[in-house]
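Asker: sharing a model prediction with you, sequence too.
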Amino acid sequence: MILLVIFICTLVFLWVQGFLFRKYWNRNLNVSISIKNTECTAGEENILTEVITNNKWLPLPMLHVKFNTPKSFRFENEENSTVTDLYYRDDIFAVMGHQSITRHLKFTCENRGCFYLHDTDITSTDLFMRLTFTDRRSNNIVIHVYPKKINLDFFEIPFETITGSFATQKNLIEDPFEFRGIREYQPFDGMHSINWKSSAKNDMLQVNTYFMTSSQEVRILLNLDTHLYSRDDKLLEKLISLASSLAEKFISAGIPTALDSNAVDRFTHERLNRSSGSGINHMVSIDTALSRIDTCGEHKEFIDVLEENFKILNKNAFYIIISNNRQKNILDHYEKIRKAAVNCYFIVPELKQFDIESSVSGLIKWDIEY
């Protein structure tokens with residue numbers, strides 16, 4: 001008789017706990033994933049944070065949190081994960097009632113790109129692990145990984161020439177939309193530039209300063225069509241990194257910089273084009289555009305980019321062409337604009353062991369080491 005009572009009580013308990021878990025397991029259960037830096041540079045370390053909050057009395061003895069990230073995200077702890085076309089992770093938690101758990105996962109963003117973290121799948125069981133329940137949580141996280149910066153020692157002499165030209169020109173004016181900082185008032189400063197709030201705080205006159213604009217500028221023209229017949233992903237990434245590094249060098253020196261390319265945005269499918277500008281926000285705009293380049297997409301004709309930029313020659317501008325492709329029509333166009341007394345540099349990124357065979361003068365080789 002006692003055994004029968006125990007058996008009946010066990011069945012009742014199994015049914016009751018199963019009923020409760022079916023009805024309440026995901027109620028007041030919050031599962032969120034966040035990224036510390038959604039804008040970072042390739043090679044930098046980042047942190048992914050998982051937060052599980054079970055704001056009810058019912059415990060969850062086994063909660064699986066499943067999500068995927070790009071396979072270029074290299075996590076320190078790769079247990080409970082598999083890597084195919086994406087990095088699939090399955091983390092397991094035991095969450096008591098009214099408990100919150102936070103887990104930080106360090107990872108390295110190895111490659112440039114724009115990545116999405118979409119949905120998180122969650123799976124749980126009842127107390128006896130007889131029943132399985134599933135649900136999904138939305139993330140909608142966008143991560144821009146900027147191109148890795150490179151050493152520009154090979155371009156030091158042309159850079160000094162360009163910056164020297166900018167330093168000697170006289171028609172510089174301040175751009176009121178590009179705030180630079182605050183400094184102490186000088187006798188030659190106008191009253192309109194005084195920052196009264198900062199002056200009152202520091203008990204001395206302080207003025208706002210702005211980045212300079214000029215009739216001169218640097219225009220970087222990036223060609224993603226290579227000299228090789230087969231596509232080389234590493235070479236393409238080096239080209240993009242070079243464009244980003246040059247833009248950063250000029251913008252850091254206060255020189256207005258534009259970027260034009262035959263590359264296309266992987267999401268909008270529009271050609272990459274950033275007008276001339278300076279300041280931190282402009283550099284972020286350029287790096288964001290470069291992170292969204294689709295190297296597998298169909299590039300526009302680079303000769304069209306050249307013709308568009310040189311349709312009206314700006315002899316106050318410095319043009320920097322970045323192209324591994326040395327086809328005759330591109331080099332002919334380059335020679336044509338040089339003869340028109342336009343300041344132009346042609347950088348050829350190429351593997352260190354290969355020489356550049358061309359009768360065109362003024363080509364600057366950048367040795368690439370894999």
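Answerer: That came in fine, so what should we check first?
Asker: note down every partner strand of the longest strand belonging to the chain and its orientation.
Answerer: Within the chain, and with DSSP state E defining each element, the longest strand by residue count is strand 132-146. In the sheet containing strand 132-146, its partner strands are strand 39-41 (parallel), strand 113-125 (antiparallel), by DSSP bridges.
Asker: list of residues touching the very next helix or strand once past it?
Answerer: Per DSSP states H and E, strand 132-146 leads on to helix 156-168 as the next helix or strand towards the C-terminus. The set of residues external to helix 156-168 that reach it, using Cβ atoms under 8 Å, 6 or more residues apart in numbering, is 152, 214, 216, 218, 249-250, 253-255, 318, 343, 345, 364. No exception for glycine: its C-beta is placed from N, CA and C like everyone else's.
Asker: ok, so of those residues, who is nearest Asp135?
Answerer: Using Cβ to Cβ, the shortest approach to Asp135 within the contacts of helix 156-168 belongs to Lys249, at 49.4 Å.
Asker: in the helix or strand where that closest one lies, what counts as buried?
Answerer: Element membership of Lys249 [criterion: DSSP H and E] is helix 233-252. For helix 233-252, a neighbour-count test (16 or more other Cβ atoms under 10 Å) marks 235-251 as buried.
Asker: which helices and strands sit right next to it?
Answerer: Helix 233-252 makes packing contacts with helix 156-168, strand 217-223, strand 257-264, helix 280-291, strand 317-323, strand 343-351, strand 363-368 when contacts are defined by 3 or more Cβ pairs under 8 Å, 6 or more residues apart in numbering; DSSP states H and E.
Asker: how many other residues sit next to Cys109?
Answerer: By the other Cβ atoms under 10 Å criterion, the neighbourhood of Cys109 contains 26 residues.
Asker: what's the pLDDT at the nearest residue to it once chain neighbours are set aside?
Answerer: Nearest-residue entry for Cys109: Val145, 4.5 Å, with adjacent residues in sequence omitted and distances by Cβ to Cβ, 6 or more residues apart in numbering. What the model reports for Val145 is a pLDDT of 95.
Asker: now do His227
Answerer: Confidence per residue is given as pLDDT, and for His227 that number is 68.
Asker: do the same with the one 10 residues further on
Answerer: With respect to pLDDT, Glu237 has a value of 92.
Asker: okay but it is in contact with Glu110, surely?
Answerer: No - between Glu237 and Glu110 there is no contact, the gap being 10.9 Å when judged by Cβ atoms under 8 Å.
Asker: next SSE after the lengthiest helix in the chain?
Answerer: For the chain, the helix reaching the highest residue count under DSSP state H is reported as helix 2-24. Counting by DSSP H and E, the next helix or strand C-terminal to helix 2-24 is strand 29-35.
Asker: same question for that following strand: list its buried residues.
Answerer: Taking 16+ other Cβ under 10 Å as the basis for neighbour counts, the residues of strand 29-35 that come out buried are Leu29, Val31, Ile33, Ile35.
Asker: ditto for stretch 156-163
Answerer: The neighbour-count check on stretch 156-163 (16+ other Cβ under 10 Å) flags Pro158, Phe159, Ile162, Thr163 as buried.
Asker: next, count neighbours for Thr282.
Answerer: For residue 282 the amino acid is His, not Thr. 21.
Asker: how close does it get to Ile347?
Answerer: Using Cβ to Cβ, to the nearest Å, one gets 21 Å for the distance from His282 to Ile347.
Asker: of the strands paired with strand 132-146, which is nearest Asp260?
Answerer: Across those, closest to Asp260 is strand 113-125 (Cβ to Cβ), at 19.6 Å.
Asker: a markdown table for the helices and strands packed on helix 233-252, including mean pLDDT and distance to Phe93?
Answerer: Formatted as a markdown table, the helices and strands packed on helix 233-252 follow (pLDDT from 0 to 100; distance: least, Cβ to Cβ, whole Å):
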| stretch | mean pLDDT | distance to Phe93 |
| --- | --- | --- |
| helix 156-168 | 79 | 53 |
| strand 217-223 | 93 | 46 |
| strand 257-264 | 93 | 42 |
| helix 280-291 | 94 | 33 |
| strand 317-323 | 91 | 48 |
| strand 343-351 | 88 | 47 |
| strand 363-368 | 87 | 46 |
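Asker: who wins for proximity to Phe75 among the ones you listed?
Answerer: Within the helices and strands packed on helix 233-252, the stretch nearest Phe75 is helix 280-291; the backing value is 20.6 Å (Cβ to Cβ).
Asker: restricting to C-alpha, output the closest one in CSV.
Answerer: The C-alpha atoms that make up helix 280-291 are tabulated as CSV, following Å, rounded to 0.1, in the frame of the first residue of the first chain:
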residue,chain,number,x,y,z
ILE,A,280,37.7,62.0,-36.1
ASN,A,281,34.1,61.6,-37.4
HIS,A,282,35.3,61.7,-41.0
MET,A,283,37.9,59.0,-40.3
VAL,A,284,35.2,56.9,-38.7
SER,A,285,33.1,57.3,-41.8
ILE,A,286,36.0,56.2,-44.1
ASP,A,287,36.8,53.2,-41.9
THR,A,288,33.1,52.2,-41.7
ALA,A,289,32.9,52.3,-45.5
LEU,A,290,36.0,50.2,-45.9
SER,A,291,34.7,47.6,-43.4
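Asker: which residues touch the following helix or strand past it?
Answerer: Moving toward the C-terminus from helix 280-291, the first helix or strand encountered (DSSP H and E) is helix 302-309. With contacts defined as Cβ under 8 Å, 6+ apart, helix 302-309 is touched by 219, 221, 223, 225, 260-262, 271, 319, 321, 323, 325, 329-330, 333-334.
Asker: quick one: work out the angle between helix 302-309 and strand 257-264.
Answerer: For helix 302-309 against strand 257-264, the angle between stretch directions is 150 degrees (axes from the mean of the first three to the mean of the last three Cα atoms, to 10 degrees).
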